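Engineer: Structure, please.
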Amino acid sequence: MTDSQLLFLVLWLLYLAECWVWVRNGGTAFSGWGLRAGGWATAGALPGNAKGGILILNPLPPLGEVFLAEMPQFTLSPDELRRGGIEHLDRPAAGGPDAASRSLDRIRQVSHAGRDLRLDGKLFATLADEAEAGRWSALLTRLLPLPPAARAPLIRHQFRESLDADAAARRLEECRRDSRLLRGLCNLLWLWLFFIPPLVAWRVGLSHAFATALGGTLLLAWGAILPVWLRKHRARLPELREARFTEGLKMALFPPAAVRALDVLLARAMSGFHPLAVAAAVLPAAAFAGFARRVLADLEQPLPLPGALEAAAVWHREALREEVRRFLKKRGLNPESLLAPPAATDPGCTQYCPRCQTLYTELARTCPDCLDLGLAPLPGAGKKPGFAGKSARE
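Structural biologist: Residues are numbered from 1 along each chain as shown. Predicted coordinates for the structure are as follows:
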């Protein structure tokens, strides 16, 4: 292998190292355009650790788009704020029954610095981005002076706003319209990096190919993509100063990273919306119904976590459940139909998990995938002698 060939190989490897996005625990990644259009993945379904998972992005043109959305990272009631959410589509989020909690009546000051939310000057939690920290800071600041009875409507209103699918659809359309130029430039840079140089090398040699790739990359990255990206990022995500500095610096120092500038711009563009609202805006009808069933089943059949469920969690879950049901009915979906038992695909299966809808035989007692959640009888299921001890999945 010549030095020029080795250089192009290293360039490819460095570029592939940029083709991923981190999905925090409690988050969902939605693919809205490109080769994976209409797909979604939760953090627990991705390779990673207890804090999240890595989603590998399509490295080839036409470059797609990915949007990240997260469940509420706090449990909030008119009386209390607790770190850690109550929604767990695939695994418990950070927090739990023993997570840090504060009575709203005892909080004197709320502030945020970057992604950090501070209560009375002390760090309470680090959120996904600066915009999310600002929203929670503003909401808590409004709640603190009010009595508990007056806080409840504001919290429910916050839930309702996060589930506004029409607003999510408008933002999605605005993002796509505003990013057309950037999308074209990113695809052009990919072609200039990985398609044009081999043609030049075939005709005039590798040394000329390297010079062509370097000159075109610097021109496109520094002269076109970076200025456009900075302007769009500042207009669309003004609060995300830290991300704008770090990602902009990376593109300036390593111009091939500018190919993924669109991912950086769109990934946090739907921040502030519940994943269900983002799903309604991004996913096709069938995929949205499947995702909606997962969200509703989590609220109706929560994971049996250890410890007693606090009053704040009970209130938060019930209030959010009501808003989600109202949201689904508005979208033309029947919550009861979404939660209906699955069809009996095997006569030996007589039970099912009401949360994940896995089918089980009569010997099973709990669903191990859902932290030993109790099973429910499968209506109209028959029995087949000799079939026991196995589970069937859809």
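Engineer: Please make it C-alpha for all contacts and neighbour counts, starting now.
Structural biologist: Fine.
Engineer: So which bits of the one helix or strand residue 323 maps to are buried?
Structural biologist: Residue 323 is part of helix 311-330 when elements are defined by DSSP states H and E. For helix 311-330, burial by neighbour count (16 or more other CA atoms under 10 Å) applies to 312-313, 315-317, 319-321, 323-328.
Engineer: Strands along the stretch 201-350 of the chain, start to end?
Structural biologist: Remark: strands assigned in the stretch 201-350 of the chain by DSSP state E, counting those that start in this stretch are 349-352.
Engineer: Can you dump the C-alpha atoms of stretch 127-140 in CSV for me?
Structural biologist: C-alpha atoms of stretch 127-140 as CSV (Å, rounded to 0.1, in the frame of the first residue of the first chain):
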residue,chain,number,x,y,z
LEU,A,127,-29.7,17.8,31.2
ALA,A,128,-29.4,16.9,27.5
ASP,A,129,-28.7,20.5,26.3
GLU,A,130,-28.8,24.1,27.4
ALA,A,131,-32.3,24.7,26.0
GLU,A,132,-33.8,21.9,28.1
ALA,A,133,-32.1,23.2,31.2
GLY,A,134,-33.5,26.7,30.4
ARG,A,135,-37.0,25.3,30.0
TRP,A,136,-37.0,23.5,33.3
SER,A,137,-35.5,26.5,35.0
ALA,A,138,-38.3,28.8,33.6
LEU,A,139,-41.0,26.3,34.6
LEU,A,140,-39.8,25.8,38.1
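Engineer: Off-centre distance for it?
Structural biologist: In terms of CA atoms, centre = their mean, to the nearest Å, the centre of stretch 127-140 is found 16 Å from the chain centre.
Engineer: Next: stretch 152-159.
Structural biologist: 22 Å.
Engineer: heads up, I number from 42, so please use that
Structural biologist: New numbering, starting at 42: the last item is stretch 193-200.
Engineer: quick one: buried residues of that stretch?
Structural biologist: In stretch 193-200, counting by 16+ other CA under 10 Å, buried: 193, 196, 197, 200.
Engineer: could you dump it to CSV, C-alpha only?
Structural biologist: Provided in CSV are the C-alpha atoms of stretch 193-200 (Å, rounded to 0.1, in the frame of the first residue of the first chain):
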residue,chain,number,x,y,z
ALA,A,193,-51.1,21.6,38.9
PRO,A,194,-52.7,23.3,35.8
LEU,A,195,-49.3,24.8,34.8
ILE,A,196,-47.7,21.3,35.0
ARG,A,197,-50.5,19.8,32.9
HIS,A,198,-50.2,22.6,30.4
GLN,A,199,-46.4,21.9,30.1
PHE,A,200,-47.2,18.2,29.4
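Engineer: if we can go back for a sec, looking at the buried residues of helix 352-371, which is nearest residue 341?
Structural biologist: Proximity of these to residue 341 (CA to CA) peaks at residue 362, which lies at 7.6 Å.
Engineer: mind checking how far the closest one is from residue 253?
Structural biologist: Using CA to CA, to the nearest Å, residue 362 is found at 58 Å from residue 253.
Engineer: Same question for residue 92.
Structural biologist: Residue 92 is 42 Å from residue 253, by CA to CA.
Engineer: Neighbour count: those two, which is higher?
Structural biologist: Neighbours were counted for residue 92 and for residue 253 using other CA atoms under 10 Å; residue 253 has more, 17 against 14.
Engineer: what pLDDT does that one get?
Structural biologist: On the pLDDT scale, residue 253 is placed at 74.
Engineer: out of everything not next to it in sequence, what's closest to it?
Structural biologist: Of all residues not flanking residue 253 in the chain, residue 238 sits nearest, at 6.7 Å (CA to CA, 6 or more residues apart in numbering).
Engineer: ok, and for the strand or helix carrying that neighbour, which residues are buried?
Structural biologist: Counting by DSSP H and E, the element that carries residue 238 is helix 237-245. Buried residues in helix 237-245, counting neighbours by 16+ other CA under 10 Å, are found at 237, 238, 239, 241.
Engineer: Contacts for stretch 409-417, please.
Structural biologist: 344, 345, 346, 392, 393, 394, 395, 396, 397, 406, 407, 408 (CA atoms under 8 Å, 6 or more residues apart in numbering).
Engineer: Please put the alpha-carbon coordinates of stretch 283-300 into PDB.
Structural biologist: Taking Å, rounded to 0.1, in the frame of the first residue of the first chain, the C-alpha atoms of stretch 283-300 are listed here in PDB:
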ATOM      1  CA  GLU A 283     -21.400  24.900  24.000                       C
ATOM      2  CA  ALA A 284     -22.300  22.500  21.200                       C
ATOM      3  CA  ARG A 285     -21.900  25.300  18.600                       C
ATOM      4  CA  PHE A 286     -18.400  26.000  19.800                       C
ATOM      5  CA  THR A 287     -17.200  22.400  20.100                       C
ATOM      6  CA  GLU A 288     -18.800  21.100  16.800                       C
ATOM      7  CA  GLY A 289     -17.700  24.300  14.900                       C
ATOM      8  CA  LEU A 290     -14.200  23.900  16.200                       C
ATOM      9  CA  LYS A 291     -14.100  20.200  15.200                       C
ATOM     10  CA  MET A 292     -15.200  21.100  11.600                       C
ATOM     11  CA  ALA A 293     -12.600  23.900  11.400                       C
ATOM     12  CA  LEU A 294      -9.800  21.600  12.600                       C
ATOM     13  CA  PHE A 295     -10.900  18.500  10.700                       C
ATOM     14  CA  PRO A 296     -12.800  19.700   7.600                       C
ATOM     15  CA  PRO A 297     -14.100  16.100   6.500                       C
ATOM     16  CA  ALA A 298     -16.200  16.200   9.700                       C
ATOM     17  CA  ALA A 299     -18.300  18.900   8.000                       C
ATOM     18  CA  VAL A 300     -19.900  16.200   5.900                       C
END
